[in-house]
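Asker: Below are the sequence and a predicted model for it; my questions follow.
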Amino acid sequence: MISAALLIFAAVFLTVLALFLVITAVRQSPAAELKRRLRRMEQSGTGSSDAIMGNLLKETTPAEQFIFRLPLMGSIKRMIEHSGVTIRPVRFLIAIIIASTSVFAAMFALRGNLPAALLTAALAAVLPFGFLGYRRQQRQKRFDELLPDALLMIARSLRAGHSLSGAVELISQEMPEPVGGLFKIAFERQKLGMRIAEALGTLPAQIDSVDLQFFVTIIRINSETGGNLSEILEKLAETIRARLQIRRQVQVYTAEGRMSGYVLVLLPVFVFIAFYLRNPDYMGVFFTEKSCQMSLIAAGLAQVAGFLMIRKIIDIRI
């Protein structure tokens with residue numbers, strides 16, 4: 001009876017959330033959002049470049065403004081931006097709630113074990129953050145590899161007589177993601193009235209790259225003091241490539257330590273899951289007895305602490 005009620009509740013809950021997502025997707029589509037912003041600009045009579053930038057680039061919905069005031073929401077928003085995933089923070093949180101609730105209802109209906117259902121629901125809530133972290137790491141790695149070529153392209157474009165904004169436009173058209181997309185953002189902001197140095201200065205907020213911060217600092221200094229920018233960018237590209245080579249060597253030297261950390265963390269988890277699926281009655285004592293629950297929690301915390309220590313040892317900053 002309880003399982004049937006939980007399944008009915010989960011079905012109704014998921015249906016309502018699906019309808020909400022459909023309506024939200026229609027209302028927050030790019031066309032509808034642009035129409036609303038242009039309508040507000042027409043009613044307010046603002047036509048300056050600063051007002052246009054504020055309305056077109058920085059406006060958020062009331063729901064997002066409320067959610068951004070919650071604890072840790074700044075970190076979540078920054079993680080989504082750095083990962084390059086095109087999803088709003090509101091939808092991301094709704095997806096986590098849907099996944100956690102569905103997994104909890106399914107696990108409780110199948111096993112009838114509340115601690116196991118809570119544990120699986122917690123894992124379902126953590127996995128999306130792990131996916132964002134993986135995407136952020138891959139995107140940052142790809143950006144660091146493509147940035148030297150982009151800098152050399154800018155330097156050669158400047159030597160050919162083009163302006164810095166023209167070189168940025170060339171990068172946005174010729175370079176693949178994520179370099180092309182980020183420089184396209186800077187070029188579009190420059191077209192809306194921002195100085196090219198200020199537009200490039202907003203890019204480090206989109207991706208966590210030390211090399212990009214060096215590039216932005218050089219552009220700002222050069223815009224104030226002048227100098228041979230093409231030669232400076234060529235030297236920066238050579239430095240970045242040398243750092244990438246050293247970083248690859250460090251990755252090779254620390255491969256054994258990273259593999260040991262992954263094995264030490266994942267092996268006990270897989271063994272526990274295998275024994276639980278093989279003999280649920282034998283392993284179910286870890287979810288029913290208080291002492292066994294405490295030991296399971298302590299083992300999980302020890303595993304996490306050990307993994308973090310191993311990562312700290314092999315995390316060599318270049």
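Answerer: Here it is on my side, so go on.

Asker: For the stretch 101-250 of the chain, just list every one of the helices.
Answerer: In the stretch 101-250 of the chain, helices defined by DSSP state H, counting those that start in this stretch lie at 114-159, 164-174, 179-191, 196-201, 210-225, 229-253, listed in chain order.

Asker: which strands and helices sit next to the last one?
Answerer: Of the remaining helices and strands, those touching helix 229-253 by 3 or more C-beta pairs under 8 Å, 6 or more residues apart in numbering; DSSP states H and E are helix 114-159, helix 210-225. C-beta coordinates here come from the backbone N, C-alpha and C atoms, glycine included.

Asker: thinking again about what came up before, relative to residue 108, which of the helices of the stretch 101-250 of the chain is closest?
Answerer: With C-beta to C-beta as the measure, helix 114-159 is the member of the helices of the stretch 101-250 of the chain nearest residue 108 (4.0 Å).

Asker: Please work out the average pLDDT along that closest one.
Answerer: Along helix 114-159, the predicted local confidence has a mean pLDDT of 87.

Asker: one step back: which among the helices and strands packed on helix 229-253 is found nearest to residue 266?
Answerer: Taking those one by one with C-beta to C-beta, helix 114-159 is closest: 12.9 Å.

Asker: how about CSV for the helices and strands packed on helix 229-253, with distance to residue 91 and mean neighbour count added?
Answerer: Formatted as CSV, the entries for those read as follows, by distance: least, C-beta to C-beta, whole Å; neighbours: other C-beta atoms under 10 Å:
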stretch, distance to residue 91, mean neighbour count
helix 114-159, 11, 17
helix 210-225, 28, 16
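
Asker: Distance to residue 108 added to those helices, as a markdown table?
Answerer: As requested, the helices and strands packed on helix 229-253 are exported to a markdown table (distance: least, C-beta to C-beta, whole Å):
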| stretch | distance to residue 108 |
| --- | --- |
| helix 114-159 | 4 |
| helix 210-225 | 46 |
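
Asker: now for the ones you listed, which one comes closest to residue 244?
Answerer: Proximity of these to residue 244 was assessed by C-beta to C-beta; the nearest stretch is helix 114-159, lying at 6.5 Å.

Asker: Any regions of this structure where pLDDT drops low?
Answerer: Along the chain, the model assigns pLDDT under 70 to residues 1-71, 111, 317-318.

Asker: So residue 157 versus residue 274, what's the distance?
Answerer: From residue 157 over to residue 274 the distance is 58 Å, taken as C-beta to C-beta, to the nearest Å.

Asker: same deal with residue 242?
Answerer: Here the distance between residue 242 and residue 274 works out to 46 Å (C-beta to C-beta).

Asker: Residue 211 now?
Answerer: Distance of residue 211 to residue 274, given as C-beta to C-beta: 44 Å.

Asker: before we move on, what about residue 304?
Answerer: Taking C-beta to C-beta as the criterion, residue 304 is separated from residue 274 by 20 Å.
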